[in-house]
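> Quick one, structure for this:
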Amino acid sequence: MNALSISCLLLGTSTLMLAQALPKNPERVIAERILELDIDRIEGGANGQPITLSDLRRQLKPFVAEIRQGKSDGDFNKAIEELAHNILEDMINRQLAIAEFKTSSGKVPAFYIESDIEDSIRRDFGGDRNRFVAYLRAQGLTPMSYRKLIEDRITFEYIRGQISRTALEVGPGKLQAYYNTHQAEFSRKESVQFRQITLMQGASETFAEGKARAEAWAAALRDPAKLPATMARFKVSLTKQTPELGFAEIAEIISTDDYAKQGGDTGWKPLEESNERVIGVLRQLKDGEVSETLQFDIPGSPTLWFILKREGLKAAGTDTLDDPKVRSLVEERVRSQAMNEAVAKWLAELRAKHYVEYR
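Numbering: from 1, shown residues only. Predicted coordinates:
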């Protein structure tokens, strides 16, 4: 593929950029090159199905503005050449897969194609078919050629999905091997998991009333038998039925921060990422214990009170495969790697079986 042709005409590159990209030839040569770029031509193909410069131009166009930002002419041309090469490879892969699919007498049901097109018209054009057709015309496409593009995409995604599914099963040996190789990625700093409730001084409350309210909730959370009476005192009721009443349920109702919907659960995080006062309190608590109120005064804002419940504390070390989250992450990575390898092997076999051409 002539990457220079892609990076110049396709993107409206200036004559000066073209001159910089070409060897130091007379102006006549540059003029001839510009003329050549205005002529559509075949850049490659598979099984006799050509891929033209205009095909590549159409695929590259949506990325031009983003690639151009902050780049010198040289870096811009290099990035476009790399992207054009990747797009050409992807288009050839699609042609090979589609050719193989058709050889096996496969056919995408018309319903799937029509449904995809209708979804696009509703999503991207507000259901206006005239806008859709006008867009196709601006892209140099007809409804029939666009339909062919959609059919090819659905076909390729279906076949790729079928190949990928062969790699979904991963045995414990592969998981352990991956973990052993990437063990450093699972090291951790001293980490803590805790829940929090954030209370703010109400607009109609005095400071003393807000403080008393926060302290009452903290006392009730340390002694759950007091929760029903405390809820009645502050006219708070459950928004949903729950088998038990504890910190998480109360956090969902009264906390004013972003963790309320998760029952105040902040997840596991390095201890050092927390406020120093919070760190001090969490170190003193035992797992399952609830703190007294922590008051924070922020200039220009209402006073805040925090109530914390420590769920767990881990010393610095390395997470093992026995940790469900680690195992799940390793499974996901191994499965993804196996799927990519299966697809790469399948495409290599197709390339060996079919004729591929580059110009």
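
> Could you give the separation of stretch 146-161 from the chain centroid?
22 Å (Cα atoms, centre = their mean, to the nearest Å).

> let's number from 775 now, not from 1
From this message on, residue numbering opens at 775, which makes the last subject stretch 920-935.

> So which bits of it are buried?
For stretch 920-935, the neighbour count (16 or more other Cβ atoms under 10 Å) marks 920-921, 924-926, 928-930, 933-934 as buried. C-betas here are computed from N, CA, C, even on glycine.

> Then stretch 1099-1107?
Of all the residues in stretch 1099-1107, those buried under the rule 16+ other Cβ under 10 Å are 1100-1101, 1103-1104, 1107.

> List the residues that contact I1053.
I1053 sits next to 1045-1046 when contact means Cβ atoms under 8 Å, 6 or more residues apart in numbering.

> Please identify the helix or strand for it.
helix 1050-1058 (DSSP states H and E).

> cool, R1084 as well?
Using DSSP H and E, R1084 sits within strand 1078-1088.

> Hey, what's the angle from that strand to helix 1050-1058? Just curious.
50 degrees (axes from the mean of the first three to the mean of the last three Cα atoms, to 10 degrees).

> next one: whichever helix or strand comes after strand 1078-1088 to chain centre, how far?
Next along the chain after strand 1078-1088, taking DSSP H and E as the criterion, comes strand 1091-1092. Using Cα atoms, centre = their mean, the mean C-alpha position of strand 1091-1092 is found 27 Å from that of the whole chain.

> and the next element down the chain from strand 1091-1092?
Next along the chain after strand 1091-1092, taking DSSP H and E as the criterion, comes helix 1098-1127.

> So which elements touch that next one?
helix 847-877, helix 917-939, helix 946-955 (3 or more Cβ pairs under 8 Å, 6 or more residues apart in numbering; DSSP states H and E).

> And that helix, how far out from the chain middle?
Here helix 1098-1127 shows a centroid-to-chain-centroid distance of 18 Å under the convention Cα atoms, centre = their mean.

> circling back to that earlier point, which secondary structure elements does the strand holding R1084 contact?
Short answer (3+ Cβ pairs under 8 Å, 6+ apart): strand 1078-1088 packs on strand 965-974, helix 981-996, strand 1039-1044, helix 1050-1058, strand 1068-1070.

> rerun at 7 Å
strand 965-974, helix 981-996, helix 1050-1058, strand 1068-1070 (3 or more Cβ pairs under 7 Å, 6 or more residues apart in numbering; DSSP states H and E).

> Could you list the residues in contact with the longest one?
In other words, helix 981-996. Helix 981-996 has contacts (Cβ atoms under 7 Å, 6 or more residues apart in numbering) with 973, 975-976, 1000-1001, 1004, 1008, 1021, 1024, 1028, 1064, 1066-1067, 1077, 1079, 1081.

> rewinding a little: of all the helices and strands packed on helix 1098-1127, which one comes closest to S889?
With Cβ to Cβ as the criterion, S889 lies closest to helix 917-939 of the helices and strands packed on helix 1098-1127, at 9.8 Å.

> What's the local residue count around A884?
10 (other Cβ atoms under 10 Å).

> Need the pLDDT of it.
pLDDT for A884: 87.

> And R987, by the same measure?
pLDDT, read off for R987, is 97.

> where's it relative to T1067, distance?
R987 sits 10 Å away from T1067, going by Cβ to Cβ, to the nearest Å.

> Repeat that for R903.
61 Å.

> Of the two, which one has the most company?
In this view R903 and T1067 are compared by other Cβ under 10 Å, and T1067 has more residues nearby, 20 against 12.

> hang on, isn't the more buried one packed against L1078?
No - in terms of Cβ atoms under 7 Å, T1067 does not count as a neighbour of L1078; the distance is 9.8 Å.

> so of the helices and strands packed on helix 1098-1127, which one's packed in deepest?
Counting by mean count of other Cβ atoms under 10 Å, helix 847-877 has the highest mean neighbour count of the helices and strands packed on helix 1098-1127, with a mean of 18.

> Tell me which other helices or strands that one touches.
Using 3+ Cβ pairs under 7 Å, 6+ apart: helix 847-877 touches helix 777-782, helix 789-795, strand 816-820, strand 823-826, helix 827-834, helix 838-842, helix 917-939, helix 1098-1127.
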